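In: Give me the fold of what follows.
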Amino acid sequence: AFDGMFRRSLSNFASFGVGVRAVAGKGIAWLFQLEKGEFVMKIPVTICPRLDAGSAIAMMYITFLSSVIDGVVGDIIGSSKAGISVHDGTAGDTKSNNISLLRLKKARADAERQVALMKGPARSKRKREEERNGLVIDKAIYYLDGGTRLDVTAQIQFWVTDSSLYLPSAPKSNLLGFYDISS
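Out: A predicted model of the protein is given here:
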């Protein structure tokens, strides 16, 4: 048996998954899964009733469609909390190849590029604020208790205008130069 599933968080309590399952003697099924708390609903849709030479092509096609559906769901709900899990059917051998680590690295790299672009305007704003005896950010740290710490001094100074700090109404992890450090 083989299961491959794209999973996406819909909220803190619910997730949606779409993928493929191949089982000897049962063929290939397209899987849809909804989890909410302890409730798990799995809907298998049989695509090929048995495994044969054409099954590999069917599995690739289903995997491609599953990734497209996952992307559409992500665009609709605006969620970046996606992952892939794979199970090869052997007892106790569940391999969770969660791509959240790759997403974290990308988010961190994106934030570093954004900070590089923000530093020039932040320095100019800091100088202007110092000349006016206005709002100067000496040090700003974004962190979780016992977790990663991120120096966001330049990012915060960037948002200072006329001695006032104006932050967009969004989670801090979505602000320019920030990323989700809880991962």
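In: mind listing what's buried in the helix ranked longest in the chain?
Out: Under DSSP state H, the helix in the chain containing the largest number of residues is helix 100-131. When neighbours are counted by 16 or more other Cβ atoms under 10 Å, the buried residues of helix 100-131 are found to be 100, 103-104, 107-108, 111, 114-115, 118-119, 122, 125-126, 129. To be clear about C-beta, it is placed using only N, CA and C from the backbone, and glycine gets the same treatment.
In: can you give me how far that helix is from the chain middle?
Out: With Cα atoms, centre = their mean, to the nearest Å as the basis, helix 100-131 stands 20 Å off its chain's centre.
In: From the contact counts, what lies against that helix?
Out: If you count contacts as 3 or more Cβ pairs under 8 Å, 6 or more residues apart in numbering; DSSP states H and E, helix 100-131 packs onto strand 82-87, helix 153-158, strand 160-161.
In: residue ranges of the strands in this protein, please?
Out: Using DSSP state E, the strands of the chain run over residues 2-9, 14-23, 27-36, 39-48, 82-87, 94-95, 141-143, 149-151, 160-161, 164-165.
In: Now render those strands as a markdown table, adding distance to residue 181, mean neighbour count and mean pLDDT.
Out: Below are the strands of the chain laid out as a markdown table (distance: least, Cβ to Cβ, whole Å; neighbours: other Cβ atoms under 10 Å; pLDDT from 0 to 100):
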| stretch | distance to residue 181 | mean neighbour count | mean pLDDT |
| --- | --- | --- | --- |
| strand 2-9 | 17 | 19 | 75 |
| strand 14-23 | 22 | 21 | 82 |
| strand 27-36 | 25 | 18 | 84 |
| strand 39-48 | 30 | 12 | 85 |
| strand 82-87 | 18 | 18 | 48 |
| strand 94-95 | 26 | 11 | 36 |
| strand 141-143 | 7 | 13 | 87 |
| strand 149-151 | 6 | 14 | 87 |
| strand 160-161 | 22 | 16 | 90 |
| strand 164-165 | 21 | 10 | 91 |
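In: any chance of the ones you listed in JSON lines, plus distance to residue 64?
Out: Output for the strands of the chain, formatted as JSON lines (distance: least, Cβ to Cβ, whole Å):
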{"stretch": "strand 2-9", "distance to residue 64": "11"}
{"stretch": "strand 14-23", "distance to residue 64": "10"}
{"stretch": "strand 27-36", "distance to residue 64": "12"}
{"stretch": "strand 39-48", "distance to residue 64": "13"}
{"stretch": "strand 82-87", "distance to residue 64": "14"}
{"stretch": "strand 94-95", "distance to residue 64": "21"}
{"stretch": "strand 141-143", "distance to residue 64": "38"}
{"stretch": "strand 149-151", "distance to residue 64": "36"}
{"stretch": "strand 160-161", "distance to residue 64": "47"}
{"stretch": "strand 164-165", "distance to residue 64": "46"}
